[in-house]
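Visitor: A structural model of the following input is requested.
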Amino acid sequence: MKKTFRFVTTLSVVILLAVCVGTSSQAQAKSKKASASKQKKAAVANSKQKKAAVAKKSSGKKGKAVASRSRSRRSRSRYTATSKRQSRSARSRLSKGSSSKLSRSARRRRARALYLARLRAMRARDAALRNLTNNYIEKDQVEGEDPEIRQAVLNAMSGRSATVVVMDPNTGRIFTVVNQQMALRSPVKPCSTVKMIVGLAALNQKAIEPDEAVQISRRSSMDLTYALAKSNNPFFQVIGRSMGYDQVIKYAENYGFGEKTGVNYANESEGFIPEEGTTLMPSHGDGFGVTAIQLSAFTAAIANGGNLYVPRVPRTAEDAAEFKPELKRKIEMSDEDRTKMMPGMIGAVNFGTARPAANPMFQVAGKTGTCTGNRDKLRLFTSFSSVENPKVVVTVITTDSKLGGNHATAIAGKIYASIAHRFFRERVVVPVEATAEIPASVIKNIN
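Guide: Coordinates of the predicted model:
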């Protein structure tokens with residue numbers, strides 16, 4: 001009984017201990033689990049806090065960056081606005097004189113650039129014209145020409161694009177024609193040399209006297225002598241209009257224009273005359289196309305008193321020895337007309353537009369012309385020497401792209417200087433007045 005009781009008691013104690021131990025283990029396990037769970041939750045919470053802190057920190061940096069960029073943009077905007085205000089303020093503070101000075105400076109730079117570009121183009125054009133002229137001169141028919149006078153002409157031309165005719169006004173004998181293509185076959189606008197036609201026609205028509213003042217504007221007037229010497233355009237426009245353009249054209253035909261001269265070179269052009277007159281015809285030669293040989297023959301007729309000769313060059317020594325002038329016709333010009341023309345043509349050389357052609361050994365009389373042809377600048381000078389005893393006619397036409405003075409007069413002056421010994425053995429004292437070598441009975445004051 002007692003053994004059984006002890007066994008039961010012991011078993012109960014064991015079971016109770018086991019239960020207590022199990023309960024304690026479970027409690028510890030639960031406690032550990034709870035503790036682990038708390039630690040895990042704490043760790044998760046801590047991690048979230050760290051992430052939140054990192055995010056907050058990052059967000060703060062981004063915000064600062066955005067804020068910085070925003071401040072930078074605002075700063076730039078304020079700077080730009082300030083700069084514009086300052087610029088406007090500075091511009092507004094510039095005086096009108098300063099602005100005008102800056103504008104003039106810019107215009108000068110542009111003008112300089114345009115000038116240089118134009119100068120390069122002109123030089124290229126002039127070089128082309130010189131080359132063309134040299135090619136033409138090489139093809140000239142020189143048989144029978146005077147070699148000394150021809151060389152004097154070539155020296156005076158100095159390679160310039162030009163044509164020159166030198167002839168005897170008393171016979172029509174040609175000493176030389178340099179650049180025969182241009183002189184005989186290439187009609188050009190006569191420019192102001194047409195004023196000789198208009199002036200001579202007006203004198204022949206008794207429409208004007210050389211010392212008669214012609215009203216050319218409301219406040220100014222001029223006479224024929226001064227108008228020829230200075231090549232005044234309005235004067236000849238008034239005279240041409242008062243005469244009638246048809247009359248001017250009729251006289252031009254009589255003087256040999258619009259027809260061949262009959263010169264014994266091949267392929268001569270007849271040139272052309274206007275079909276109808278215009279305002280610029282009597283002053284600029286609009287509508288005319290003349291050759292250097294036509295202009296020379298006409299100038300020779302004025303020099304010799306009205307004989308329009310056929311220009312010819314003697315091809316052989318026999319022709320030269322037996323040379324006789326061939327009269328084409330007598331032009332409509334009286335001795336009185338010629339006398340009245342002379343002061344203006346002498347004045348052109350003495351104090352007018354042809355001064356480079358003057359020569360101290362004899363008196364030169366002539367007329368200049370300068371204008372623009374189809375493309376290039378034309379400069380003409382037709383002349384003779386001397387007035388009372390004409391010996392030689394020199395006609396020069398140059399063509400180039402340059403502005404400036406009349407190169408033709410300078411070439412003629414050099415030619416006269418080179419050939420003077422051939423025609424003038426004694427020095428002639430030349431008066432400074434435009435009326436040199438004009439008889440005293442017809443000398444009149446220039447208004």
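
Visitor: And the helices in the stretch 251-400 of the chain, which stretches?
Guide: Along the stretch 251-400 of the chain, the segments classed as helices by DSSP state H, counting those that start in this stretch run 281-284, 292-304, 317-321, 335-350.

Visitor: Out of those, flag the one nearest E259.
Guide: Nearest of the helices of the stretch 251-400 of the chain to E259, taken as Cβ to Cβ: helix 292-304 at 8.3 Å. Every C-beta, even on glycine, is put in place using the N, C-alpha and C of the backbone.

Visitor: Please work out how many residues are found near T171.
Guide: T171: 18 surrounding residues under other Cβ atoms under 10 Å.

Visitor: Quick check: which element contains it?
Guide: Using DSSP states H and E, T171 maps to neither a helix nor a strand.

Visitor: That one contacts V310, doesn't it?
Guide: No: under the criterion of Cβ atoms under 8 Å, T171 makes no contact with V310, lying 10.1 Å away.

Visitor: which of the helices of the stretch 251-400 of the chain is buried the deepest?
Guide: Comparing the helices of the stretch 251-400 of the chain by mean neighbour count (mean count of other Cβ atoms under 10 Å), helix 292-304 ranks first with a mean of 27.

Visitor: quick one: low-confidence ranges for the stretch 51-200 of the chain?
Guide: Low-confidence segments of the stretch 51-200 of the chain (pLDDT under 70): 51-99, 101.

Visitor: Helices of that one, start to end?
Guide: Shown for the stretch 51-200 of the chain, the helices assigned by DSSP H, counting those that start in this stretch span residues 96-138, 147-157, 180-185, 194-204.

Visitor: Those: which one's closest to Q215?
Guide: Evaluated with Cβ to Cβ, those place helix 194-204 nearest to Q215, the distance being 15.0 Å.

Visitor: right, and S385 touches N359 too?
Guide: Yes: if you go by Cβ under 8 Å, S385 and N359 touch, sitting 7.1 Å apart.

Visitor: more crowded one of those two?
Guide: Neighbour count, other Cβ under 10 Å: between S385 and N359, S385 has more, with 29 against 19.

Visitor: which ones are touching the more buried one?
Guide: Under the criterion of Cβ atoms under 8 Å, 6 or more residues apart in numbering, the neighbours of S385 are 359, 362-365, 391-392, 394, 416, 423.

Visitor: Of those residues, which belong to strands?
Guide: Those of the contacts of S385 mapping onto strands are 364-365, 392, 394, per DSSP state E.

Visitor: For the stretch 201-350 of the chain, which residues score under the pLDDT cut-off?
Guide: Checking the stretch 201-350 of the chain against pLDDT under 70 turns up nothing.

Visitor: returning to that earlier point: just the buried members of the ones in strands among the contacts of S385?
Guide: Burial of the ones in strands among the contacts of S385 was assessed by neighbour count (16 or more other Cβ atoms under 10 Å); the buried members are 364-365, 392, 394.

Visitor: In a markdown table, list the residues you listed along with pLDDT.
Guide: Shown next, in a markdown table, are these (pLDDT from 0 to 100):
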| residue | pLDDT |
| --- | --- |
| V364 | 96 |
| A365 | 97 |
| V392 | 97 |
| V394 | 98 |
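
Visitor: which one of those residues is nearest F175?
Guide: Of all these, V392 has the smallest distance to F175: 7.6 Å, by Cβ to Cβ.

Visitor: Return the residues in contact with the closest one.
Guide: The contact partners of V392, taken as Cβ under 8 Å, 6+ apart, are 166-169, 175, 384-385, 416, 419, 423.

Visitor: Compute the number of surrounding residues for R160.
Guide: Neighbours of R160 under the rule other Cβ under 10 Å: 19.

Visitor: Okay, and the beta partners of the closest residue in space to it that isn't next to it in sequence?
Guide: Residue nearest to R160 in three dimensions, not counting chain neighbours: T398, with 5.9 Å by Cβ to Cβ, 6 or more residues apart in numbering. Beta-bridge pairing for T398 (DSSP bridges): A162, R379.

Visitor: which residues in the stretch 201-350 of the chain form strands?
Guide: Ranges of strands within the stretch 201-350 of the chain are 214-215, 221-222, 307-309, 327-330, based on DSSP state E, counting those that start in this stretch.

Visitor: Tell me the helices and strands packed up against the second one.
Guide: So the one you mean is strand 221-222. strand 214-215 (3 or more Cβ pairs under 8 Å, 6 or more residues apart in numbering; DSSP states H and E).

Visitor: give me that answer again for 10 Å
Guide: If you count contacts as 3 or more Cβ pairs under 10 Å, 6 or more residues apart in numbering; DSSP states H and E, strand 221-222 packs onto strand 214-215, helix 233-243.

Visitor: again with the third one
Guide: The helices and strands touching strand 307-309, judged by 3+ Cβ pairs under 10 Å, 6+ apart, are helix 292-304, strand 327-330.

Visitor: got the contact list for that strand?
Guide: Contact with strand 307-309 is made by 167-173, 254-256, 261-262, 297-298, 300-302, 325-331, 333, as judged by Cβ atoms under 10 Å, 6 or more residues apart in numbering.

Visitor: repeat that with 7 Å
Guide: Strand 307-309 is touched from outside by 171-172, 256, 297, 300-301, 325-331, with contacts defined as Cβ atoms under 7 Å, 6 or more residues apart in numbering.

Visitor: what do you get for the last one?
Guide: The set of residues external to strand 327-330 that reach it, using Cβ under 7 Å, 6+ apart, is 262, 306-310.

Visitor: returning to what we had before: mind picking the two most distant members of the contacts of S385?
Guide: Top of the distance list for these (Cβ to Cβ): A365 and F423, 14.9 Å.

Visitor: Quick check: D376 touching S401?
Guide: Yes: with contact defined as Cβ atoms under 7 Å, D376 reaches S401; the gap is 5.6 Å.

Visitor: ok, back up a step: and the helices and strands packed on strand 221-222, which is most packed in?
Guide: Highest mean neighbour count among the helices and strands packed on strand 221-222 (mean count of other Cβ under 10 Å): helix 233-243, with a mean of 20.

Visitor: Which one of the contacts of S385 is nearest to M342?
Guide: Ranked by distance to M342 (Cβ to Cβ), the contacts of S385 are led by A365 at 6.1 Å.

Visitor: So the closest one is in contact with T382, correct?
Guide: No: judged on Cβ under 7 Å, A365 makes no contact with T382 at a distance of 10.0 Å.

Visitor: Dead centre of the chain: give me the residue that sits there.
Guide: By Cα atoms, centre = their mean, the chain has its centre lying nearest to R118, at 5.8 Å.

Visitor: Kindly provide the distance from it to A124.
Guide: Distance of R118 to A124, given as Cβ to Cβ, to the nearest Å: 11 Å.
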